[in-house]
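Asker: pasting the sequence and the predicted model now:
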Amino acid sequence: MVMPAKTVTQPKLQSAVLKWFVDEDFNFEQDTLLAGSGAARSIELGTVLGKIGRGAQTVTKTDIGGSRGAITLASPAATATAAPGDYKIVGNAAATNAGEFEVYKPDGTLDGVGNVAVAYDGTVKFTLADGSTDLTPGDIGKVTVAYAAGSGKVVQMDSAAIDGSQEPYAIAARPASAPDGVDAPIVTMPRGPAVVVDTGLIWPSGYTSDQIAADTVKLAALGIIVRAA
């Protein structure tokens, strides 16, 4: 008598991912897995997770005083990845009914150089009008970029995201699934000291070896060391 073959799929064991850690009470956290969209969002043990830490972008402006030119924001008024903070518009060269200005990022580095009455298309995007008084060197206006707080929920890390989930936040310490439209709890390991097995990690689909190497360094900064199996 020939017995039919039966295939049994064993769930991934925690030891296949987590080689060493201090203690679950110290290394683990309970986070919220973002609800599925159109289907359940399933996360396997060992998935590298990102956290949604950035919400909608808002852009406002402060005109240069003394009737030296109103700022009209473009639509969109900034790139999706613009750093939050003030982008200073500083008069650089005077000219009758014209003039040149420089735009400085929030960290003080130069974003670019623009001209009065010509659309400026840098990290921020606007047109500085020709005011009734000509722009002079040292005049300052600004464009301010701000973001609403993100939901703080976790998803599989996505290098193309711009909401914070493009950065490694944690490793999924247990599998979890969020139904369509419903958030769910998930146990994560957002901190070390810990050692994880490289073959147990699940990176975003299509991730290159260079991307994995770069984000392995970021995990190390969290105290999570990746070692070969």
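Answerer: Perfect, thanks for sending it.

Asker: can you tell me the closest non-neighbouring residue to residue 227?
Answerer: Of all residues not flanking residue 227 in the chain, residue 195 sits nearest, at 5.5 Å (CB to CB, 6 or more residues apart in numbering). C-betas here are computed from N, CA, C, even on glycine.

Asker: do the same with residue 34
Answerer: Residue 34's closest residue in space is residue 153 (CB to CB, 6+ apart), at 4.2 Å.

Asker: what's the neighbour count on the residue nearest to residue 227?
Answerer: 14 (other CB atoms under 10 Å).

Asker: hey, which helix is longest across this protein?
Answerer: Longest helix in the chain by number of residues (criterion: DSSP state H): helix 209-221.

Asker: now do it: everything it contacts.
Answerer: Outside helix 209-221, the residues that touch it by CB atoms under 8 Å, 6 or more residues apart in numbering are 48, 157, 159, 167, 168, 171, 196, 203, 225, 226.

Asker: buried ones in it?
Answerer: By neighbour count with 16 or more other CB atoms under 10 Å, helix 209-221 contains the buried residues 215, 216, 219.

Asker: nearest to residue 20, of those residues?
Answerer: The closest of the buried residues of helix 209-221 to residue 20 turns out to be residue 219 (CB to CB; 14.4 Å).

Asker: not counting its neighbours along the chain, what's nearest residue 135?
Answerer: Nearest non-adjacent residue to residue 135, counting by CB to CB, 6+ apart: residue 99, 3.5 Å away.

Asker: hmm, back to that, is it true that the residue nearest to residue 34 touches residue 50?
Answerer: No - using CB atoms under 8 Å, residue 153 is not in contact with residue 50, being 10.0 Å away.

Asker: who has more neighbours out of the two?
Answerer: residue 50 (22 against 19).

Asker: picking that back up, out of the buried residues of helix 209-221, which comes closest to residue 32?
Answerer: Nearest member of the buried residues of helix 209-221 to residue 32, counting by CB to CB, is residue 219, at 21.1 Å.

Asker: related to what we said a few turns ago, generate a ChimeraX selection restricted to the buried entries among the contacts of helix 209-221.
Answerer: Typed into ChimeraX, the line below selects the buried ones among the contacts of helix 209-221, using 16+ other CB under 10 Å:
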select :48,157,159,168,171,196,203,226
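
Asker: now, the contacts of helix 209-221 that are in strands?
Answerer: Residues of the contacts of helix 209-221 located in strands (DSSP state E): 48, 171, 196, 225, 226.

Asker: ok, which stretches of this structure are helices?
Answerer: Using DSSP H, helices in the chain cover 24-27, 209-221.
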